[in-house]
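Trainee: heads up, no residue letters with this:
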C-alpha cells in the first residue's frame, strides 16, 4: 500500500512541475488575481497577488490530479510547443482581405506581419523586435 501512495505523490508533484499553460489575470475591480490551467478543466486559484494566485494554483493542481488518478482517469499532458509550426492557413472575406492589405501597406509591413501583430495584440501579447532583427512576441504582464 505505501508504494501506491508514493507513486501517487510522485505523479501529483510531477504534474505541479509540468509545463502546463497557466493563465493569471488581474481583476481591477477587486485588485486580486485569478488563475487557471488551460489543459486541466476546473483547476483554478486566486489570491491578492499574482504569486499567491500561482501558489493556490499549485494546490489546486495537486488536489485535481490526485482525484483524477485515484478515480482511474487520465491526466491530460501539457500542450507541446514543438507541435506548432507557426504556419496557419486563414480564410477571410475579400473585403477584410483588401482592408488588411491596405493597412499593411500603410504600416510598411507585410500582410503576414500585420496579421501576426493583430493576433498577438488580441491575445494580450506585445510584438517587439529582437536584437537579431527577427520579430518575436513577448508576454505582457498584466499589472
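Mentor: Nice, I can see it. In this text the structure is predicted, and so the values were computed from the model without any measurement. Residues are numbered from 1 along each chain as shown.

Trainee: start and end of stretch 72-81, how far apart?
Mentor: 27 Å (Cα to Cα, to the nearest Å).

Trainee: so for that stretch, what gets flagged as buried?
Mentor: residue 75 (16 or more other Cβ atoms under 10 Å). For glycine as for every other residue, the C-beta is placed from the backbone atoms N, C-alpha and C.

Trainee: who's in contact with it?
Mentor: 11, 15, 18, 19, 20, 21, 38, 39, 40, 65, 68, 69 (Cβ atoms under 8 Å, 6 or more residues apart in numbering).

Trainee: out of these, the closest to residue 110 would be?
Mentor: residue 21 (28.7 Å; Cβ to Cβ).

Trainee: count of residues packed around the closest one?
Mentor: Other residues lying near residue 21 total 12 when counted by other Cβ atoms under 10 Å.

Trainee: please name the nearest non-neighbouring residue to it.
Mentor: Once flanking residues are discounted, residue 21 sits nearest to residue 38: 4.1 Å by Cβ to Cβ, 6 or more residues apart in numbering.

Trainee: how many other residues sit next to the one you found?
Mentor: Neighbours of residue 38 (other Cβ under 10 Å): 13.

Trainee: for the residue nearest the centre of the chain, give me phi and psi.
Mentor: By Cα atoms, centre = their mean, the chain has its centre lying nearest to residue 21, at 4.4 Å. Backbone torsions for residue 21, taken as degrees, to the nearest 10, come to phi -80, psi 110.

Trainee: contact partners for it?
Mentor: Taking Cβ under 8 Å, 6+ apart as the definition, contacts of residue 21 comprise 37, 38, 39, 78, 79.

Trainee: can I see the domain layout of the chain?
Mentor: For the chain, the structural domains run 2-70, 85-139, going by automatic domain parsing.

Trainee: rank these by mean pLDDT and give me the bottom one.
Mentor: Comparing mean pLDDT across the domains of the chain, the lowest value falls on domain 85-139: a mean of 79.

Trainee: one step back: could I get the contacts of stretch 72-81 as a markdown table with secondary structure and distance to residue 127?
Mentor: Shown next, in a markdown table, are these (DSSP: H, G, I helix; E, B strand; the rest coil; distance: Cβ to Cβ, whole Å):
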| residue | secondary structure | distance to residue 127 |
| --- | --- | --- |
| 11 | helix | 39 |
| 15 | helix | 33 |
| 18 | coil | 29 |
| 19 | coil | 23 |
| 20 | coil | 25 |
| 21 | coil | 20 |
| 38 | coil | 22 |
| 39 | coil | 26 |
| 40 | coil | 29 |
| 65 | helix | 35 |
| 68 | helix | 38 |
| 69 | helix | 41 |
